[in-house]
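Engineer: Test case, fold it:
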Amino acid sequence: MRVSGPSSPKPASPAKRGGKAGAAGFSNLLDTSKGAVKETIAPTSGVAGVGAVDAVLALQATDNPGERRERALRQGRRMVDALDRLRLSMLETGPTPAHLGLLRRASEETRTETGDAGLDEALAQIEQRTAVEIAKLEKRQD
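Structural biologist: Residues are numbered from 1 along each chain as shown. Coordinates of the predicted model:
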């Protein structure tokens, strides 16, 4: 492939003024006798796409125990991480409003039961500890 030097832009072609061709499409929409716009009915062909979207949503809605367990573990990790950050801040400068926000965000997602009794109990204790720390920080701010 050969690359040539810079070329100047081509001038724009002048607009073609075909009085009859361009105006015919728009004038068909107007009812010149009454001054009102004619209604045109176009067939719809988007119905087939709705079925595909429904199928995708149905697949996303299926929830297997493995996914529930993974979501619960992620939420538990977020809460433990927030509690760890709070613990470290207590050793250094003290908690800030950012720590309260972090704890609130970590605990606001509602947890579903995973089916594993031990995991559910551990997550319940983490949630309880998070709620206690949130209450303490809120009381300290007041």
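Engineer: How about the secondary structure of Gly94?
Structural biologist: Of the three states, Gly94 takes coil under DSSP: H, G, I helix; E, B strand; the rest coil.
Engineer: If you could redo that for Thr114, that was the one I meant.
Structural biologist: The three-state label given to Thr114 by three-state DSSP is coil.
Engineer: Torsion angles phi and psi at it?
Structural biologist: Dihedral pair for Thr114: phi -90, psi -20, per degrees, to the nearest 10.
Engineer: Glu67 is in contact with that one, correct?
Structural biologist: No: the pair Thr114 and Glu67 does not pass the contact test of C-beta atoms under 8 Å, sitting 9.9 Å apart. (C-beta placed from N, C-alpha, C; glycine too.)
Engineer: What is the neighbour count of Ser107?
Structural biologist: Neighbour count for Ser107, taken as other C-beta atoms under 10 Å: 21.
Engineer: Surely it touches Thr130?
Structural biologist: Yes: counting by C-beta under 8 Å, Ser107 touches Thr130, with 4.6 Å between them.
Engineer: Quick check: neighbours shared by these two?
Structural biologist: Residues touching both Ser107 and Thr130 by C-beta atoms under 8 Å, 6 or more residues apart in numbering: Met79.
Engineer: Give me the residue ranges of the protein where confidence is low.
Structural biologist: 1-51, 58-63 (pLDDT under 70).
Engineer: Neighbour count: Thr114 and Glu67, which is higher?
Structural biologist: Per other C-beta under 10 Å, whichever of Thr114 and Glu67 has more neighbours is Thr114, with 20 against 11.
Engineer: Give the full set of residues in contact with that one.
Structural biologist: Residues near Thr114 by C-beta under 8 Å, 6+ apart: Pro65, Arg68, Arg69, Ala72, Asp120, Leu123.
Engineer: Ok, Gly115 next?
Structural biologist: Contacts of Gly115 by C-beta under 8 Å, 6+ apart are Pro65, Arg68, Arg69.
Engineer: what about 7 Å?
Structural biologist: For Gly115, the contacting residues are Pro65, by C-beta atoms under 7 Å, 6 or more residues apart in numbering.
Engineer: change the start of the numbering to 43 and stick with it
Structural biologist: Okay, residue one is now 43; in that scheme the one you just asked about reads as Gly157.
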